[in-house]
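>>> sharing a model that was predicted from the sequence below.
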Amino acid sequence: MSRAYLNLGVSPGITSLAMLRIAIGRLHPDTLAVCSWRAARKRYYRELLQAHAEAQVRAHADFA
């Protein structure tokens, strides 16, 4: 599980879009403003989405 995802402290029950909105809201504005960091931000978002999908699968397996 991604440490960045765990630091967000979001529930696996929320949607992926809601999780991304929370993650973007927690980034420093300067991080969002630097155009050369776009690839790094996209990689960060992909890692978060993957970790969120894994957390949802685990939550579903625990619930079932």
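All right, it came through fine.

>>> in this protein, where is pLDDT below threshold?
64 (pLDDT under 70).

>>> tell me the buried residues in the helix or strand hosting A39?
Using DSSP states H and E, A39 maps to helix 38-63. Buried positions in helix 38-63, judged by neighbour count with 16 or more other C-beta atoms under 10 Å: 44, 48-49, 51-52, 55-56. The C-beta positions use only the backbone N, C-alpha and C, and glycine is treated the same way.

>>> spit out the contact partners of W37.
T31 (C-beta atoms under 8 Å, 6 or more residues apart in numbering).

>>> related to what we said a few turns ago, what is the helix holding A39 packed up against?
helix 3-8, helix 16-26 (3 or more C-beta pairs under 8 Å, 6 or more residues apart in numbering; DSSP states H and E).

>>> need those helices in JSON lines with distance to F63 and mean neighbour count, can you?
Putting those into JSON lines (distance: least, C-beta to C-beta, whole Å; neighbours: other C-beta atoms under 10 Å) gives the following:
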{"stretch": "helix 3-8", "distance to F63": "19", "mean neighbour count": "13"}
{"stretch": "helix 16-26", "distance to F63": "18", "mean neighbour count": "14"}
